[in-house]
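Visitor: Fold the following for me, if possible:
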Amino acid sequence: MKKLKNNTYLGIQYFVEFYDCDVEILNNSESIQKIMSEAALKANSTIVQQFFHNFKPYGVSGTIVIAESHLNIHTWPEHGYAAVDLFSCGHEIKGKAAIKYLKKELGSTHHSMKKKYRGQLSKIYKNEG
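Guide: Next up, the predicted model:
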């Protein structure tokens with residue numbers, strides 16, 4: 001079993017909001033897939049499978065399953081906004097490198113990020129003695 005942060009957690013998840021993004025990019029599933037695939041590689045993850053969908057009249061949702069867990073995006077071109085979620089149970093994930101790359105490639109002028117550790121082992125095994 002892999003553990004993170006002093007061997008007390010199973011994984012780490014980044015929740016990122018990108019603002020004032022390039023509207024044309026946000027509405028193009030091929031561009032989003034290319035950018036997200038490269039972000040997955042910059043995070044030092046292993047891509048397993050991908051799926052992206054262009055909504056009508058606008059917007060893209062996509063998921064990349066990585067060996068370490070997943071990388072998701074949902075876009076709202078009409079608001080210049082994208083929400084990204086990166087979850088990893090691997091030790092070597094480089095989430096901040098992926099986020100920096102996404103900010104640049106999405107044309108975002110600013111972003112916010114929250115990080116959460118998942119799978120607290122003391123809670124998972126609280127009844128073992």
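
Visitor: partners of Ile73 in the sheet?
Guide: Gly62, Val84 (DSSP bridges).

Visitor: Can you spell out which helices and strands pack onto the strand or helix carrying Val48?
Guide: With elements taken from DSSP states H and E, the one containing Val48 is strand 47-54. Secondary-structure packing of strand 47-54 (3 or more Cβ pairs under 8 Å, 6 or more residues apart in numbering; DSSP states H and E): helix 29-42, strand 60-66. C-beta here means a position set from N, CA and C on the backbone, and glycine is covered the same way.

Visitor: measure stretch 54-67 end to end?
Guide: End-to-end distance for stretch 54-67: 25 Å, by Cα to Cα, to the nearest Å.

Visitor: Enumerate the positions of that stretch that are buried.
Guide: Along stretch 54-67, these residues count as buried under the neighbour rule (16 or more other Cβ atoms under 10 Å): Gly59, Val60, Ser61, Gly62, Thr63, Ile64, Val65, Ile66.

Visitor: picking that back up, neighbouring strands - and their directions - for the strand holding Val48?
Guide: In the sheet, strand 47-54 lines up with strand 60-66 (antiparallel) (DSSP bridges).

Visitor: Below-threshold pLDDT in the protein: ranges please.
Guide: 1-7, 91, 127-129 (pLDDT under 70).

Visitor: measure the spatially most central residue of the chain to Lys123 for me?
Guide: Nearest to the mean C-alpha position of the chain, by Cα atoms, centre = their mean, lies Leu86 at 2.7 Å. Counting by Cβ to Cβ, to the nearest Å, the separation of Leu86 from Lys123 is 23 Å.

Visitor: Need the contact partners of stretch 51-64.
Guide: By Cβ atoms under 8 Å, 6 or more residues apart in numbering, the residues outside stretch 51-64 that reach it are 26-30, 32-33, 36-37, 40, 47, 49-50, 70-78.

Visitor: What residues does the residue nearest to Ile66 when sequence neighbours are not counted make contact with?
Guide: Residue nearest to Ile66 in three dimensions, not counting chain neighbours: Ser45, with 4.0 Å by Cβ to Cβ, 6 or more residues apart in numbering. Taking Cβ under 8 Å, 6+ apart as the criterion, Ser45 is in contact with Ile66, Ala67, Glu68, Leu71, Ser88, Gly90, Ile93.
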